[in-house]
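Chemist: I would like the atomic coordinates for the input below:
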Amino acid sequence: MPGWTYNPEDGRGRANGKSKTPAATKAEAMAELRAAVESLKPDGFESKVVKQTEDYLYAEYTSPTFGFVDDVEFWFKPGPGSRVEYRSASRVGESDGGANRKRIKALRQALEKKGWASLGY
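Modeler: Numbering: from 1, shown residues only. Below you'll find the predicted structure:
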């Protein structure tokens, strides 16, 4: 899955200066990401932020039914492009019933409302 950008070329902070919304700083983008992680509960999974630095966020999502824990990580890649890479994975089992894909999709859609965009689509 492609990474995300919190300052897309055709969105906030556009290079041509026509955007009415200023570019987000990394700190602002991290706050938007953390708020989305903490507020969304796809398939009823509860989230808990375990670790956060200026360029990294690690959260655990716990299944409401069986208590399985999934790991989700976000890394703000250094350099130009305001790029964020992510990973969402189950700790146990051979199938997650699509929970990781649904979680990332829900987060992406929430962040798109804030001005983020997927790269590569």
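Chemist: burial count for residue 33?
Modeler: The tally of other residues near residue 33 (other C-beta atoms under 10 Å) stands at 25. Every residue, glycine included, has its C-beta placed from N, CA and C.
Chemist: do the same with residue 99
Modeler: 19.
Chemist: Isn't it up against residue 90?
Modeler: Yes. Between residue 99 and residue 90 there is a contact under C-beta atoms under 8 Å: 7.3 Å.
Chemist: tell me the secondary structure for residue 97?
Modeler: coil (DSSP: H, G, I helix; E, B strand; the rest coil).
Chemist: what about it, neighbour count?
Modeler: 11.
Chemist: State the pLDDT value of it.
Modeler: Looking at residue 97, its pLDDT reads 76.
Chemist: just residue 22 next, same as before
Modeler: Residue 22 is assigned 81 on the pLDDT scale.
Chemist: Please tell me I have it right and it contacts residue 12.
Modeler: Yes. Shown here, residue 22 and residue 12 form a contact pair, counting by C-beta under 8 Å, at 6.8 Å.
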